[in-house]
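In: Predicted coordinates and the sequence they were generated for:
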2 protein chains.
Amino acid sequence: MVESRLVGPVRIVGVGLLGTSVGLGLRNRGIETILADASPTNLSIAIDYGAGRAARDGDQPQLIVVCVPPDVTAEIVARELDAYPNAIVTDVASVKLAPLAELRERGADVSRYIGSHPMAGRERGGPLSGRADLFIGRPWVVAAHGGISYQQANAIDDLILDLGAVLIEMSPEDHDRGVALVSHVPQVISTILGRQLANASNSALNLAGQGVRDMTRLAASDADLWVQILGANAEPVRDILIAYRDDLDRFIDALADPTAPGARRKVAEEMIGGNAGVARLPGKHGQDRQFSSMIVMIDDTPGQLARLLHEIGEIGVNLEDLRLEHSPGAEIGLVEISVLPEVVARLTDELAARGWRIAG
Amino acid sequence: MVESRLVGPVRIVGVGLLGTSVGLGLRNRGIETILADASPTNLSIAIDYGAGRAARDGDQPQLIVVCVPPDVTAEIVARELDAYPNAIVTDVASVKLAPLAELRERGADVSRYIGSHPMAGRERGGPLSGRADLFIGRPWVVAAHGGISYQQANAIDDLILDLGAVLIEMSPEDHDRGVALVSHVPQVISTILGRQLANASNSALNLAGQGVRDMTRLAASDADLWVQILGANAEPVRDILIAYRDDLDRFIDALADPTAPGARRKVAEEMIGGNAGVARLPGKHGQDRQFSSMIVMIDDTPGQLARLLHEIGEIGVNLEDLRLEHSPGAEIGLVEISVLPEVVARLTDELAARGWRIAG
């Protein structure tokens, strides 16, 4: 375990999924955590779960993490800044401009506040959904503003690194435009697709496969929370939805007469544009570094896979990712391995020389 | 193994993902399969993979399954009906009205043809993506038409049941409207979202999490194939896209002035409508054996993973699937392993006793 840079204690206000996960992660690093929540039930669950202890008179938190819904974030942050005049305060709300503006309107001491946003979540909420490893490897935005010193902001950087997340510094404006694209618009798009299922026939719904399930998973999200998020980030979301509608109109036009000259080309251009856009998403490592993958065929036994990995280690290549395809019908398994592009040729040659079958 | 009702041999024309999977699944049931493909390379891969044998003069297939792209489906079905006058012919194209209409135009003997459509697929194509269990528990539509007798259609029912799929009988019209909703429109919606990523800033893309990845997974689909599918099912797809656009317009209007009276209520109604729609999707089909997964934390080195797999082998547990999450921000990797539910408790205990950290 690496020595934590945070001294603590860290006070966590709101023990839903995110607050409880912050508590569990920090407790794992040996940092004292203090929990508070408007719901006594949730508070006692989070304490029992090991996320921290209840507040006591005289607590002197170094850092306060406000993990409450966006609508009340600024109010609670202002209250905490008042109540703990020596503490740095951050929040984890999905929008960053609106809380900062509201804090300034309220005359809060923003020289001790800096907003942040971990890009991590689960479909379930509540303290029992919390996980100490929720933030590991996930982007966590720090929304820098001019009113806080570099030194003050350090405690928040330490929090993020202690929880294993990848710190990304952005302005509140860039953050809000970024999440409009990669989070808020996908939510709206999924919701609208979900609505189209409302009046569908049962026989149509019986045909549903993984595609429509993936596309409507977000549509099951909490309506109250999303009314708050979309309301607080309306302009960037609306701008992208309007661009989305333009593309949708082109599809609708092209399909009006699919045998007309040029109609197929129009659909093809849209499809290829989608291919190109999605290819820009970085690998799941949150970095732009792309890995190459190759497929090795193995006899379908666990011993074979262990031997393959052992030999890849002998060859001196680091695996970046691995996926096992195990098909009961075939007598072979397929192992998809991801490695740095520069080692693919050498690894292919060396594995082939050792008798492994490389499928692609 | 349940006795197959199909006698065979079954001739499979086109050995991409679906054709190869049909071959592997039928071979698993002991049924003779004959493979054909325009690509000699793909054909030899599928034969090596165990999906069947090459065609020979004098073959007398009982059933022919045409697994080629939609644009050429009717042409190949007509050719097979001519070449094998005693065989029943089916196809697996994603649209069902257009091939039937084209066959009738061509004057083909549709008394031996009945279209079908397995609701199963993967992101990757080609023979090596084939899996014997691809169809298990998945819906497989038989698109009944009046020109084929009940008895003739029996061979296709047997094929579907032998492959473990769930037979659903629908008219070609109902099929095409159903897949427009649960397959073709989700593809279009995903493609358009993918297009919005084309001009995004790198800093915005670095914030991408699981939500936008799930929502744009389909956007990576093969453009040529989808131009064919959407062109062949244009009217039902377009009708739903127009309804989709109406909902999108309501969102865009509500977000124009999110603090106006009623704006929040409008967004809430859309969100709740999405909740209600997605709740109508039926649960996953029951025949698919479900595996349980557990997460083991390892030091992020290749040697560790090989040791883990070696020890799982020693414990005597078969891995059904394995996924490695390798996070550069953390010093640990997460290995998600899938095993039969009945061995989870024992494997957890034995791995913990050997010093492995089980994360969940």
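Out: The structure has been received and is ready for your questions.
In: C-alpha from now on. contacts and neighbour counts both.
Out: Fine.
In: domain parsing for chain A?
Out: Listed by automatic domain parsing, the domain ranges of chain A are A:10-170, A:176-254, A:292-358.
In: wait, doesn't A:Ala204 sit right on B:Leu181?
Out: Yes. Applying C-alpha atoms under 8 Å, one finds A:Ala204 in contact with B:Leu181, separated by 7.4 Å.
In: okay, those two: which has more neighbours?
Out: Per other C-alpha atoms under 10 Å in any protein chain shown, whichever of A:Ala204 and B:Leu181 has more neighbours is B:Leu181, with 25 against 20.
In: Next, the contact list for that one, please.
Out: Counting by C-alpha atoms under 8 Å, 6 or more residues apart in numbering or on different chains, B:Leu181 makes contact with A:Gln196, A:Leu197, A:Ala204, B:Val237, B:Ile240.
In: Neighbour-wise, give me the winner out of those residues.
Out: Across the contacts of B:Leu181, neighbour numbers were computed from other C-alpha under 10 Å; B:Val237 holds the maximum, 27 neighbours.
In: ok, for that residue, nearest residue in space, not its chain neighbours?
Out: In space, B:Val237 comes closest to B:Ala180 once its chain neighbours are excluded; the distance is 5.0 Å by C-alpha to C-alpha, 6 or more residues apart in numbering or on different chains.
In: Let me know the pLDDT of that neighbour.
Out: B:Ala180 carries a pLDDT value of 97.
In: And it, how far from B:Pro186?
Out: To B:Pro186, B:Ala180 is 8 Å away according to C-alpha to C-alpha, to the nearest Å.
In: Let me have the contacts of B:Leu181 in a markdown table, adding pLDDT and secondary structure as columns.
Out: What follows is those, written out as a markdown table (pLDDT from 0 to 100; DSSP: H, G, I helix; E, B strand; the rest coil):
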| residue | pLDDT | secondary structure |
| --- | --- | --- |
| A:Gln196 | 96 | helix |
| A:Leu197 | 96 | coil |
| A:Ala204 | 92 | helix |
| B:Val237 | 98 | helix |
| B:Ile240 | 97 | helix |
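In: from these, which is closest to B:Ile252?
Out: Taking C-alpha to C-alpha as the measure, B:Ile252 sits nearest to A:Gln196 out of those, at 17.2 Å.
In: picking up where we left off before, can I get the contacts of B:Leu181 in a markdown table with distance to A:Trp356?
Out: Compiled in a markdown table, these are given as follows (distance: C-alpha to C-alpha, whole Å):
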| residue | distance to A:Trp356 |
| --- | --- |
| A:Gln196 | 49 |
| A:Leu197 | 48 |
| A:Ala204 | 45 |
| B:Val237 | 46 |
| B:Ile240 | 49 |
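In: In the stretch 1-150 of chain A, what residue comes closest to chain B?
Out: A:Gly137 (4.9 Å; C-alpha to the nearest C-alpha).
In: where do the strands sit along chain A?
Out: Here chain A has its strands, by DSSP state E, at A:10-13, A:33-36, A:53-54, A:63-66, A:88-91, A:115-118, A:139-143, A:166-170, A:292-299, A:321-326, A:332-339, A:357-358.
In: what does the first one contact?
Out: Contacting residues not belonging to strand A:10-13 are listed as A:19, A:22-23, A:31-37, A:61-68 [C-alpha under 8 Å, 6+ apart].
In: now that strand: mean pLDDT?
Out: Per-residue pLDDT values over strand A:10-13 give a mean of 98.
In: What pairs with it, parallel or antiparallel?
Out: strand A:33-36 (parallel), strand A:63-66 (parallel) (DSSP bridges).
In: Of those, which stretch is the most buried?
Out: Across the strands paired with strand A:10-13, averaging neighbours per residue (mean count of other C-alpha atoms under 10 Å in any protein chain shown) puts strand A:63-66 on top, at a mean of 26.
In: In the stretch 51-200 of chain A, mark out all the helices, start to finish.
Out: With helices called from DSSP state H, counting those that start in this stretch, the stretch 51-200 of chain A shows them at A:70-83, A:97-105, A:150-162, A:172-179, A:185-196.
In: tell me the most buried of these?
Out: helix A:185-196 (a mean of 26).
In: hmm, it touching chain B?
Out: Yes. On the criterion C-alpha under 8 Å from any C-alpha of the partner chain, helix A:185-196 is in touch with chain B at A:Pro186, A:Gln187, A:Ile189, A:Ser190, A:Thr191, A:Ile192, A:Leu193, A:Gly194, A:Arg195, A:Gln196.
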